[in-house]
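Colleague: A predicted structure for the sequence below; I have some questions about it.
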Amino acid sequence: MRAPWRRSSTRAARGEGPWAWLAAGSVAVSLALLAVLLGLLAVRGLGYFWPAEVSLVTLDNGQQLAGRAVKEAPLPGGDARERLYRTGNRDLDGAIWTWVGLDEIREESHPSDLVVLERRRWSAFIGRLEAIETGDAGRITGEEAWGALRQRLHSLDSRWAEIESLHHRTIQPLVRRLEAGAATPEEHEALTRAQARVRELQAGMPDDTLVLKTVDGRQLREPLIEVARALRPNNMDMLEKGRVWVQGVWSFLSEGPRAANTTGGVWPAIFGTILMVVLMSIFVTPFGVLAAVYLNEVAHQGRLTRWVRIGVRNLAGVPSIVYGVFGLGVFVYGIGGHLDDWFFASSLPSPTFGTGGLLWASLTLALLTLPVVIVATEEGLARIPESQREGALALGATRLEMLTRVVLPMAMPAMLTGVILAVARAAGEVAPLMLVGVAKLAPQVPVDGEFPFLHLERKFMHLGYHIFDAAFHSGDVQAAMPLIYATALLLVLVILVLNLTAIFLRHYLRSRHGTLSKY
Amino acid sequence: MQHMPSPPPLRRHFRQTRDRLATALITAGGIGVIAAVMAIGVFLAVEVVPLFWSSSGDAPRINMETLWLPQTYEGHQTPVHRWQPALSEGGGEPRFGMLPLVWGTLEAAVWALLIAVPLALGAAAHSALFMSRRLRARIRPTLELMEAMPGVVIGFVAGLVLAPWLDVHLAQGMTLLIVLPAGLLLAGRLWALLGSGLRRRLPMGWAALWLLPWLLLFWCLSSWLAPLLEAWWFGGDLRAWLEVSLGLDYTNRNAIIVGMAMGFAVVPSIYALAEDALSGVPKSLVEGAEALGATRWQTLWKVVLPAAGPGVLSAVMIGAGRAVGETMIVLMASGNTALMTASPLDGLRSMAASIAIELPEAAPGGTHYRLLLLAALLLFVFTFCVNTLAEVVRARLRRRYRRMEGLS
């Protein structure tokens, strides 16, 4: 990290000519591109959770609509522009988007009584709350209806949480046991009990009905239990919006996807990514270090070793999809197919290990990142002065003792750097995963309470693939865009943090061992 | 000094045995791991061989001719190149002409390099010769982070944000190509006219940062200028003009979009290696040139670049290797249509994207499967050779630098 010489006199600088400025500009342009990309992801990704104001638009023809303004675009031909509103109400209108020409708008206001209801089955409802019909307190109308709705939703929260956890912890695993034909009578009984409890909880929910009205006057009756969240964004102050924002971020991180991956959270994808990466580092660390130690400490340093070293280094440049092909051909069809023939013949036409899964994906990525770990570890080993090794040997240590007591501890930060870089690379790779085991939607997380707890043969969800899938295989890309931005931001953040850690480690390493260098 | 008791022979024997055992294990493990990594090439080659060796009865016959030369398929009068491995309806023979895929791969890579190479080399030259030391220590890790940006994110932004934007703002995009360099040249002119006080405030070494607001200004200028230019030169509608006078049909996701996205992805790797090569040139050469009165740009052009040329070339080669094999960006930004046109405004389909889309559906052992493995083998061989060549060139260069330093 040194400039080759000091900045020279003004005379030289004055006469640099045009090319020097184009060169300076290319640094600026690269930086700007990076900043634009990160800024775009940050603004759009974080803005997704912000409860934006809902506009009430009155058109020239007297028609009214309510929605959130999303973007503006020029109309083809001419100077006119049109604006896209997210109006929700898919069950009523058949679509959630409305384009409105700017010159058609007579008036736009933000009345504070507009509500946004997030519903469990349909997309959001945007309109007004007329009344709430309750079993115990009769029909509540006007401003009190909103208060009653908030209060009732709040009291429902704990019931939904219990139902959710019963489904996840008890019912789903037991149903799987049942399907596998391995359930004991006690488990049967536990399942019946849990299902009864769910029914009881659901029956105990109030059968209140909301009377809703869209801004153009259509009425709609919606059972209260269909509503997940109710907001009046125009009536909220900054603090309240902030709270809703934090809640939104949290549910994005902790919930599963809904509506064909276009809304909801990404928790299974986060979990799948982390689990896969952890497994991968368990595979890659010992083997990478072993190979590096062999190359640097044991092997005869001749022409062959040099060529092998160049070869390994170059494997880092081989496209990741090629590793995916290797993983599919060797791990999935080769080893997986044989494992199925030998151990899982009973379930055979449907493959157990003979299809993509967690194990094969992490092995493939381990292979892909092996060169990264080998190169980084080797660099660390090469930095350790020969005198340290000779000193250890002179004191009577065997080679193994010299390695484990002196050399490897000194090379530890380098190994760590390599592993972190490997993890950062693996977390962002999607192409090989498409071949060896990623799933669009995996209902079961690969870890649960059922023996053997970690299910290596299952498919899993992945943040990167989630982006690809939501962007290209969802019916309504426009609706999925905010979610994709948020997911992309999350993925980029994870990778940036990992890379920054590696950079700092390497920096620390250089400042500590820089003076000890072998050359 | 007290004499240390020597360890009992049994223990020494045990330690030595353990050491030998461990060394053997490390050797075996190391060779095993390296062999496993190297096995990729062997696996691909072995799987591809049956394609040409035995064409059993019902499988469509594949040989070098059907793969690479135009074929007359059912329903065509003239021989054409086609990649249609699975015909959706009506059946018919699958069409296995690999050339469109190879073409798409190379086209994407060439466009990426056309965009990345000037940017990356300019940036490398600036940061090796002009940039202040402190800024450089910050810029390098920043661009390293750019390299770590996952392809799927770049592909998403290219395919779903950039492509629709350019669809509407094509004229502005083209105006930028003229306006930004013009703005930089103007900046240079103005800077030379500045008083020395102001110039000290805006030193050349920090130009990369203070040029940013300047470029933003020209961005705004371009958005104002674009409709005017479009009206003057292209009759108000650039896309109609392209179609009528050049016969180019604008596709939403096209080779230019792929080139821009992949260029962005490739810039950091070219930059890092080229910068290493340029700043590794022995100081004595540079100082000599400066002492003889050369400006820094003259030094770069006449002294540093000839010395570091091979290193810069190897940086570009590594970039090419990356561009050829990148999957997600092409998959998401290109539209994946296996065309063979030279038009940069058409879609394309690369080998890597084909593998990612088609391989999960191809029956293992079938012709289609083996052909996709052939594509993977081609990618592997190409990138491996290019990288090895680049590595050899860089090793030569390092030796050359050492010799130069020895001479002076």
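Modeller: Looks like it arrived, so ask away.
Colleague: in the stretch 1-150 of chain B, which spans are helices?
Modeller: With DSSP state H, counting those that start in this stretch applied, the stretch 1-150 of chain B shows helices at B:9-53, B:64-68, B:99-125, B:133-148, listed in chain order.
Colleague: B:Asn254: which of these is closest?
Modeller: The closest of the helices of the stretch 1-150 of chain B to B:Asn254 is helix B:99-125. By C-beta to C-beta, the value is 9.5 Å. Backbone N, C-alpha and C define where each C-beta goes, glycine included.
Colleague: and the closest one, what's buried?
Modeller: Applying a neighbour-count criterion of 16 or more other C-beta atoms under 10 Å in any protein chain shown, the buried positions in helix B:99-125 are B:99-113, B:115-117, B:119-125.
Colleague: out of those, which touch chain A?
Modeller: Contacts with chain A within those, counted by C-beta under 8 Å from any C-beta of the partner chain: B:119-123, B:125.
Colleague: identify, from those, the entry nearest to A:Ile96.
Modeller: Of all these, B:Leu119 has the smallest distance to A:Ile96: 40.2 Å, by C-beta to C-beta.
Colleague: which residues touch the closest one?
Modeller: Contacts for B:Leu119 (C-beta atoms under 8 Å, 6 or more residues apart in numbering or on different chains) come out as A:26, A:29-30, B:263, B:267.
Colleague: which residue is the nearest non-sequential neighbour of it?
Modeller: In space, not counting the residues next to it along the chain, B:Leu119 is nearest to A:Ser26; the distance is 4.7 Å by C-beta to C-beta, 6 or more residues apart in numbering or on different chains.
Colleague: so how many other residues sit close to that neighbour?
Modeller: The tally of other residues near A:Ser26 (other C-beta atoms under 10 Å in any protein chain shown) stands at 26.
Colleague: where does it land in three-state SS?
Modeller: helix (DSSP: H, G, I helix; E, B strand; the rest coil).
Colleague: how many other residues sit next to whichever residue of the stretch 301-450 of chain A sits closest to chain B?
Modeller: In the stretch 301-450 of chain A, no residue comes nearer to chain B than A:Pro319, which is 2.4 Å away by C-beta to the nearest C-beta. Summarising burial for A:Pro319: neighbours were counted as other C-beta under 10 Å, giving 26.
Colleague: surely it meets B:Ser350?
Modeller: No: look at A:Pro319 against B:Ser350 with C-beta atoms under 8 Å: they stay out of range, at 10.3 Å.
Colleague: list residues touching both of these two?
Modeller: Applying C-beta under 8 Å, 6+ apart, one finds that A:Pro319 and B:Ser350 are jointly contacted by B:Thr327.
Colleague: got the contact list for whatever residue of the stretch 251-400 of chain B ends up closest to chain A?
Modeller: Residue nearest to chain A within the stretch 251-400 of chain B (C-beta to the nearest C-beta): B:Gly325, separated by 2.4 Å. With contacts defined as C-beta under 8 Å, 6+ apart, B:Gly325 is in contact with A:318-322, B:352, B:379, B:383.
Colleague: could I get the residues you listed in a markdown table, plus columns for pLDDT?
Modeller: Shown next, in a markdown table, are those (pLDDT from 0 to 100):
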| residue | pLDDT |
| --- | --- |
| A:Val318 | 88 |
| A:Pro319 | 90 |
| A:Ser320 | 91 |
| A:Ile321 | 92 |
| A:Val322 | 92 |
| B:Ala352 | 89 |
| B:Leu379 | 91 |
| B:Thr383 | 91 |
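Colleague: could the residues you listed go into a markdown table alongside distance to A:Gln195 and secondary structure?
Modeller: Compiled in a markdown table, those are given as follows (distance: C-beta to C-beta, whole Å; DSSP: H, G, I helix; E, B strand; the rest coil):
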| residue | distance to A:Gln195 | secondary structure |
| --- | --- | --- |
| A:Val318 | 52 | coil |
| A:Pro319 | 50 | coil |
| A:Ser320 | 45 | helix |
| A:Ile321 | 46 | helix |
| A:Val322 | 49 | helix |
| B:Ala352 | 48 | helix |
| B:Leu379 | 52 | helix |
| B:Thr383 | 56 | helix |
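Colleague: ok, back up a step: TSV for the ones next to chain A among the buried residues of helix B:99-125, including pLDDT?
Modeller: Supplementary listing: these in TSV, determined by pLDDT from 0 to 100:
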residue	pLDDT
B:Leu119	92
B:Ala120	93
B:Leu121	93
B:Gly122	92
B:Ala123	92
B:Ala125	91
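Colleague: closest one of those residues to chain A?
Modeller: Once C-beta to the nearest C-beta is applied, the member of these that ends up nearest chain A is B:Gly122, at 3.3 Å.
Colleague: what's the spacing between the closest residue to that closest one other than its chain neighbours and A:Pro51?
Modeller: Setting aside the residues directly before and after it, B:Gly122 is nearest to A:Ser26 in space (C-beta to C-beta, 6+ apart), at 3.3 Å. Here A:Ser26 is placed at a distance of 41 Å from A:Pro51 (C-beta to C-beta, to the nearest Å).
Colleague: run a quick neighbour tally on residue 161.
Modeller: Picking chain A for this. Neighbours of A:Ala161 under the rule other C-beta under 10 Å: 10.
Colleague: my bad, chain B
Modeller: Residues contacting B:Val161 under the criterion other C-beta under 10 Å number 17.
Colleague: domain-wise, how is chain A divided?
Modeller: A:55-109, A:128-256, A:267-514 (automatic domain parsing).
Colleague: ok, which of those domains comes nearest B:Leu221?
Modeller: Closest among the domains of chain A, using C-beta to C-beta: domain A:55-109, at 19.1 Å.
Colleague: for the closest one, what is the distance to the chain centroid?
Modeller: Distance, stretch centre to chain centre, for domain A:55-109: 32 Å (C-alpha atoms, centre = their mean, to the nearest Å).
Colleague: is that domain in proximity to chain B?
Modeller: Yes: if you take C-beta under 8 Å from any C-beta as the test, domain A:55-109 does meet chain B, through A:73-74.
Colleague: from A:Val266, how far out is A:Ala486?
Modeller: Taking C-beta to C-beta as the criterion, A:Ala486 is separated from A:Val266 by 8 Å.
Colleague: name the SS class of residue 353, please.
Modeller: Reading this off chain A. Classification of A:Phe353 by three-state DSSP places it in coil.
Colleague: ok, now which ones touch it?
Modeller: A:Phe353 neighbours (C-beta under 8 Å, 6+ apart): A:332, A:335-337, A:339-340, A:344, A:359-360, A:457.
Colleague: got these as JSON lines, with pLDDT, distance to A:Ala194 and secondary structure columns?
Modeller: JSON lines is the format used below for those (pLDDT from 0 to 100; distance: C-beta to C-beta, whole Å; DSSP: H, G, I helix; E, B strand; the rest coil):
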{"residue": "A:Val332", "pLDDT": "86", "distance to A:Ala194": "36", "secondary structure": "helix"}
{"residue": "A:Ile335", "pLDDT": "85", "distance to A:Ala194": "38", "secondary structure": "helix"}
{"residue": "A:Gly336", "pLDDT": "81", "distance to A:Ala194": "34", "secondary structure": "helix"}
{"residue": "A:Gly337", "pLDDT": "79", "distance to A:Ala194": "38", "secondary structure": "helix"}
{"residue": "A:Leu339", "pLDDT": "80", "distance to A:Ala194": "34", "secondary structure": "helix"}
{"residue": "A:Asp340", "pLDDT": "77", "distance to A:Ala194": "33", "secondary structure": "helix"}
{"residue": "A:Phe344", "pLDDT": "72", "distance to A:Ala194": "29", "secondary structure": "coil"}
{"residue": "A:Leu359", "pLDDT": "88", "distance to A:Ala194": "31", "secondary structure": "helix"}
{"residue": "A:Trp360", "pLDDT": "89", "distance to A:Ala194": "34", "secondary structure": "helix"}
{"residue": "A:Glu457", "pLDDT": "73", "distance to A:Ala194": "26", "secondary structure": "coil"}
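Colleague: send me whichever helix or strand B:Leu198 is part of as CSV with only the CA atoms.
Modeller: Under the assignment given by DSSP states H and E, the secondary-structure element containing B:Leu198 is helix B:196-201. Below are the C-alpha coordinates for helix B:196-201, written out as CSV (Å, rounded to 0.1, in the frame of the first residue of the first chain):
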residue,chain,number,x,y,z
SER,B,196,-2.9,27.7,-7.3
GLY,B,197,-4.8,28.2,-4.0
LEU,B,198,-7.9,26.5,-5.4
ARG,B,199,-5.9,23.9,-7.0
ARG,B,200,-4.4,22.9,-3.7
ARG,B,201,-7.9,22.6,-2.4
